[in-house]
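K.L.:
Can you look at this prediction? I've put the sequence above it.
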Amino acid sequence: MGLLNAFKLRFSTLGIVLIPVCIAIDWVGHAIATSLKLPLFLDSIGTILGGILAGPWVGGIAGFITNLISSGTVDPVAAPYSVISLLLGFAAGIGGYLGWHKHPPGWVALWLLCFLVASLGSTPFNVALYAGQSTIPYSDALLAALLKAHVPMWIAAYADEASADLLDKAVTVLVAVLIYQGLPRRFRSLFRLYEPRDDEPETTPALSRS
């Protein structure tokens, strides 16, 4: 029952206010990546931040809505992937509940979880809608090479998506965690029912900033 506690549907006023902030972060990141033609998506920073800060529902809803907004603005193919962003918010909520965002080994665990959710979840959409392509040029070049070598479509498509998500989710998780670490502890404690109170000791030392 412990982990299931993270998925209780509960919203504070601050959590509701945080959702549009996370949407804005997601949208701006994706717009920057698209306009600069970066080999990244950068569309889940706010989703991950919302998940670790305020729980899976805040992160998931922010990610879901972001994709719908992006599909009408910066990325016309984003809408079908709304469910993946919802799952990413849930993944970040799990990581937040387990305290992964508080120490570097946990950052790696959060990165790997988000990478697996994104790559495994997106591949069926890529195959069904876009002939296996992820829209990241170097990853799509890998797909073409694998198909030319007669690698089965599903394996080639997963390799395409995984090669894109491996770097993207590393950058996304790192930025989201650094934003979290930069927030005042008193502010962070307002969002989560299972965060330590201000009069309780931190179990993990905070990231030092130079």
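P.N.:
The structure has been received and is ready for your questions.

K.L.:
now the longest helix seen in the chain: how far from the chain's centre is it?
P.N.:
When every helix of the chain is counted residue by residue (DSSP state H), the longest turns out to be helix 153-182. Put simply, helix 153-182 sits 8 Å off its chain's centre (CA atoms, centre = their mean, to the nearest Å).

K.L.:
Which SSE is immediately downstream of it?
P.N.:
helix 185-188 (DSSP states H and E).

K.L.:
For that following helix, list every residue counted as buried.
P.N.:
residue 188 (16 or more other CB atoms under 10 Å). Yep, even glycine has a C-beta here, placed from its N, CA and C like the rest.

K.L.:
Then stretch 142-151?
P.N.:
142-143, 146-147.

K.L.:
before we move on, the earlier item: pLDDT of the longest helix of the chain, averaged?
P.N.:
Mean per-residue pLDDT for helix 153-182: 97.

K.L.:
let's number from 585 now, not from 1
P.N.:
New numbering, starting at 585: the last item is helix 737-766.

K.L.:
Which strands or helices does it pack on?
P.N.:
Applying 3 or more CB pairs under 8 Å, 6 or more residues apart in numbering; DSSP states H and E, one finds that helix 737-766 contacts helix 629-638, helix 688-714, helix 721-732.

K.L.:
Minimum distance to residue 650: which of these has it?
P.N.:
Closest of the helices and strands packed on helix 737-766 to residue 650 is helix 629-638, at 6.9 Å (criterion: CB to CB).

K.L.:
what angle separates whichever helix or strand comes after the closest one from helix 737-766?
P.N.:
Using DSSP H and E, the next helix or strand after helix 629-638 towards the C-terminus is helix 640-655. In terms of direction (axes from the mean of the first three to the mean of the last three CA atoms, to 10 degrees), helix 640-655 departs from helix 737-766 by 120 degrees.

K.L.:
Kindly format the C-alpha coordinates of the helix or strand just after helix 640-655 as CSV.
P.N.:
Remark: after helix 640-655, the chain's next helix or strand is helix 666-681, criterion DSSP H and E. Taking Å, rounded to 0.1, in the frame of the first residue of the first chain, the C-alpha atoms of helix 666-681 are listed here in CSV:
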residue,chain,number,x,y,z
SER,A,666,-0.4,12.8,-24.8
VAL,A,667,-0.8,9.5,-23.0
ILE,A,668,3.0,9.1,-23.0
SER,A,669,3.4,12.4,-21.3
LEU,A,670,0.7,11.4,-18.8
LEU,A,671,2.7,8.2,-18.0
LEU,A,672,5.9,10.3,-17.7
GLY,A,673,4.2,12.4,-15.0
PHE,A,674,3.2,9.3,-13.2
ALA,A,675,6.8,7.9,-13.5
ALA,A,676,8.2,11.1,-12.0
GLY,A,677,5.6,10.9,-9.2
ILE,A,678,6.8,7.4,-8.3
GLY,A,679,10.4,8.7,-8.3
GLY,A,680,9.4,11.7,-6.2
TYR,A,681,7.5,9.5,-3.7
